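Colleague: Prediction below, plus the sequence it came from.
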Amino acid sequence: MTARILIIGGYGNFGGFISRTLARDPDMQVIVAGRSLGKADAFCRAITDAATPPVPAALNIQGNIAVALRDIAPDIIIHCSGPFQNQG
């Protein structure tokens, strides 16, 4: 069974490392999300050693997150979007 992993901030420093690492596992479908669909798409195309190519997605915190997550339907969410200093 393939797990759908949504990585918010998935093309940044921390998220990019996690996205690249998880994309090598054939049992994981990595969904790279951030504010810029263009950046997510470029990042996904640049990962050439992926067992399963990652999927780009835009996730705008100004929009309805519940609707966006329902449409993406992840099994696991990893939050890597910063800046981190003001987050709990």
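Modeller: Nice, I can see it. Computed from a prediction, not measured in an experiment: that's the story for all the values here. Numbering: from 1, shown residues only.
Colleague: contacting residues around stretch 42-53?
Modeller: 2, 10-11, 16, 19-20, 23-26, 28-30, 32, 54-56 (CB atoms under 8 Å, 6 or more residues apart in numbering). Every residue, glycine included, has its C-beta placed from N, CA and C.
Colleague: Mark which of those are buried, thanks.
Modeller: 10-11, 16, 19-20, 23, 28-30, 32, 54-56 (16 or more other CB atoms under 10 Å).
Colleague: Go ahead and flag the most central residue of this structure.
Modeller: Closest residue to the average C-alpha location of the chain: Val32 at 2.3 Å, with CA atoms, centre = their mean.
Colleague: Ignoring the adjacent residues along the chain, who's closest to it?
Modeller: Sequence neighbours aside, Gly10 is the residue nearest to Val32 in space, at 3.5 Å (criterion: CB to CB, 6 or more residues apart in numbering).
Colleague: Could you identify the helix or strand that succeeds the worst-scoring helix or strand of the chain on mean pLDDT?
Modeller: In the chain, no helix or strand scores lower on mean pLDDT, DSSP states H and E than helix 65-72, which sits at a mean of 68. Per DSSP states H and E, the first helix or strand lying C-terminal to helix 65-72 is strand 76-79.
Colleague: Give me the packing partners of that next one, helices and strands only.
Modeller: In terms of contacts (3 or more CB pairs under 8 Å, 6 or more residues apart in numbering; DSSP states H and E), strand 76-79 is packed against strand 3-8.
Colleague: List the contacts of the strand it packs on.
Modeller: The contact list for strand 3-8 (CB under 8 Å, 6+ apart) reads 15, 18-19, 22, 27-34, 57, 59, 69, 72-81.
Colleague: in this structure, which spans are strands?
Modeller: All strands of the chain, identified by DSSP state E, fall at 3-8, 28-34, 55-58, 76-79.
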